[in-house]
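Colleague: with the input below, show me the fold.
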Amino acid sequence: MSRIIGNDLPNIPWQDEPAGNRMPVWRYDGNPIIKRDAIKTSNSIFNSAVVPFGKGFAGVFRCDNLGVSMDIFAGFSDDGINWKINETPIVFEGEDEEILKRQYRYDPRVVFIEDRYYITWCNGYHGPTIGLAYTFDFKKFVQLENAFLPYNRNGVLFPKKINGKWAMLSRPSDTGHTKFGDIFYSQSPDLEYWGHHRYVMGTYPGDASAWQSTKIGPGPCPIETDEGWLLIYHGVLNTCNGFVYRMGAAILDKDQPWKVKYRSKFYILAPDADYERNGDVPNVTFPCAALTDAKTGRIAIYYGCADTVTGLAFTTVDRLVDWVKENSL
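Modeller: This is a model prediction of the structure:
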């Protein structure tokens, strides 16, 4: 039996596995939980991140407005399913006005580390890079230095220091709709200067696991388990009808997370529902957050659907770890 190393979350959103399910992950039957018009000016709300906060939950949401301008907004929920998202985007404070200049912000992740909540996102600064900020209350946000030079996306912090250093996964990219992408690990002594970059894993060539043959990228912040770090990630296949985004999972070494112990040959969730197949960008399931309950082993995954709405799916640490180990490349 695999075990989550972390806190109990008795109010984690949950729905039991439906009868006859053959996959390790199953959808919430009330999806999408956040529709594209949940705030007055939104064209779409997707690729967002949530965490436990107080007696409920808080999050940072990608809301593209009616001008299709990308920005991130704070939101709150009592149950993790019904969300109230602020009508105006986050306004960051910081020491350097140069860093506070906004071009665009999208695809945030959120994680609690030590005494505060850290937010990473794809930040426009002469091209996409990794923005970094912290908050204590989801009202005041303090922006730090960008983690990397352009071009980079999918910056995902680990929920604890590893060997005394802050740790982050990312996916170096380019200025456009990247047709390549591998996952790298980086560490920092102070959240400002990042180095010791290590290759984690890349696309898989050939047809043995074609769903992840074009590019991959880290999804939710890694989940600590007794088997190692459980990483949920997205993989992309370039088809005659365009990119298709599916979810996969891997287990990374606990002390050296750039070393992959297991990696799933088969995807764990793929665009199948109408709200995943049809939208501004068809055929996308893009994971950005996961809530976990150490006591029961339950995992709730938040993911973007067709770059338009937000969905919720479920699994357990046993189901997911077993799937990865039994179907490992």
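Colleague: quick one: the helices in the stretch 201-329 of the chain?
Modeller: Using DSSP state H, counting those that start in this stretch, the helices assigned to the stretch 201-329 of the chain run over residues 274-277, 317-326.
Colleague: tell me the mean pLDDT for the shortest one?
Modeller: Pointing back at helix 274-277 there. For helix 274-277, mean pLDDT is 98.
Colleague: and stretch 146-158, by the same measure?
Modeller: Average pLDDT, stretch 146-158: 97.
Colleague: can you check stretch 33-41 too?
Modeller: Here the average pLDDT along stretch 33-41 is 98.
Colleague: on that earlier part again, G248 is nearest to which of the helices of the stretch 201-329 of the chain?
Modeller: helix 317-326 (8.5 Å; Cβ to Cβ). Placement of C-beta: from N, CA and C, glycine included.
Colleague: show me how far the closest one is from its chain's centre.
Modeller: 19 Å (Cα atoms, centre = their mean, to the nearest Å).
Colleague: touching it from outside, list them.
Modeller: The contact list for helix 317-326 (Cβ atoms under 8 Å, 6 or more residues apart in numbering) reads 1-4, 24-25, 223, 225, 227, 230, 232, 249-251, 262-264, 266, 268, 292, 297, 299.
Colleague: buried residues in that helix?
Modeller: 317, 319-321, 323-324 (16 or more other Cβ atoms under 10 Å).
Colleague: show me what contacts the residue most central in space within the chain?
Modeller: Nearest to the mean C-alpha position of the chain, by Cα atoms, centre = their mean, lies C288 at 2.1 Å. When contacts are counted by Cβ under 8 Å, 6+ apart, C288 touches 47-49, 107-109, 219-220, 302-304.
Colleague: reformat the residues you listed as CSV; add neighbour count.
Modeller: Conversion of the contacts of C288 to CSV gives the following (neighbours: other Cβ atoms under 10 Å):
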residue, neighbour count
N47, 30
S48, 27
A49, 27
D107, 22
P108, 26
R109, 27
G219, 28
P220, 25
Y302, 27
Y303, 30
G304, 28
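Colleague: so F61 touches M70, yeah?
Modeller: No - with contact defined as Cβ atoms under 8 Å, F61 and M70 do not form a contacting pair (11.4 Å).
Colleague: ok, the two, which is more surrounded?
Modeller: F61 (28 against 21; other Cβ atoms under 10 Å).
Colleague: for that one, which three-state class applies?
Modeller: Under DSSP: H, G, I helix; E, B strand; the rest coil, F61 falls in the strand class.
Colleague: hey, where'd the strands end up in the stretch 101-250 of the chain?
Modeller: With strands called from DSSP state E, counting those that start in this stretch, the stretch 101-250 of the chain shows them at 105-113, 116-124, 128-135, 141-143, 152-157, 166-172, 183-188, 195-201, 215-218, 223-225, 228-239, 242-252.
Colleague: so which of the ones you listed gets nearest R277?
Modeller: Nearest of the strands of the stretch 101-250 of the chain (Cβ to Cβ): strand 242-252, 9.6 Å.
Colleague: output that closest one as CSV, restricted to C-alpha atoms.
Modeller: The C-alpha coordinates for strand 242-252 follow below in CSV (Å, rounded to 0.1, in the frame of the first residue of the first chain):
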residue,chain,number,x,y,z
GLY,A,242,-3.4,19.6,-34.1
PHE,A,243,-2.0,19.0,-30.6
VAL,A,244,-3.7,16.6,-28.2
TYR,A,245,-2.9,17.1,-24.4
ARG,A,246,-3.2,14.1,-22.1
MET,A,247,-2.2,13.4,-18.5
GLY,A,248,0.5,11.0,-17.3
ALA,A,249,2.3,10.2,-14.1
ALA,A,250,5.8,9.4,-13.0
ILE,A,251,7.6,8.6,-9.7
LEU,A,252,10.8,10.6,-9.0
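Colleague: show the contacting residues for the nearest residue to L144 once chain neighbours are set aside.
Modeller: Setting aside the residues directly before and after it, L144 is nearest to L132 in space (Cβ to Cβ, 6 or more residues apart in numbering), at 4.6 Å. By Cβ under 8 Å, 6+ apart, the residues touching L132 are 118-120, 143-147, 155, 191.
Colleague: correct me if wrong: G181 contacts D174.
Modeller: No - judged on Cβ under 8 Å, G181 makes no contact with D174 at a distance of 9.4 Å.
Colleague: the more surrounded of the two?
Modeller: Neighbour count, other Cβ under 10 Å: between G181 and D174, G181 has more, with 20 against 15.
Colleague: excluding its backbone neighbours, what's nearest that one?
Modeller: Closest to G181 by Cβ to Cβ, 6+ apart is K215, at 3.2 Å.
Colleague: and the residue nearest to the centre of the chain, what's its pLDDT?
Modeller: Per-residue pLDDT puts C288 at 98.
Colleague: distance of D182 relative to Y106?
Modeller: 21 Å (Cβ to Cβ, to the nearest Å).
Colleague: for F180, which non-adjacent residue is spatially closest?
Modeller: Counting by Cβ to Cβ, 6+ apart, F180 lies nearest to K215, which is 5.6 Å off, once chain neighbours are set aside.
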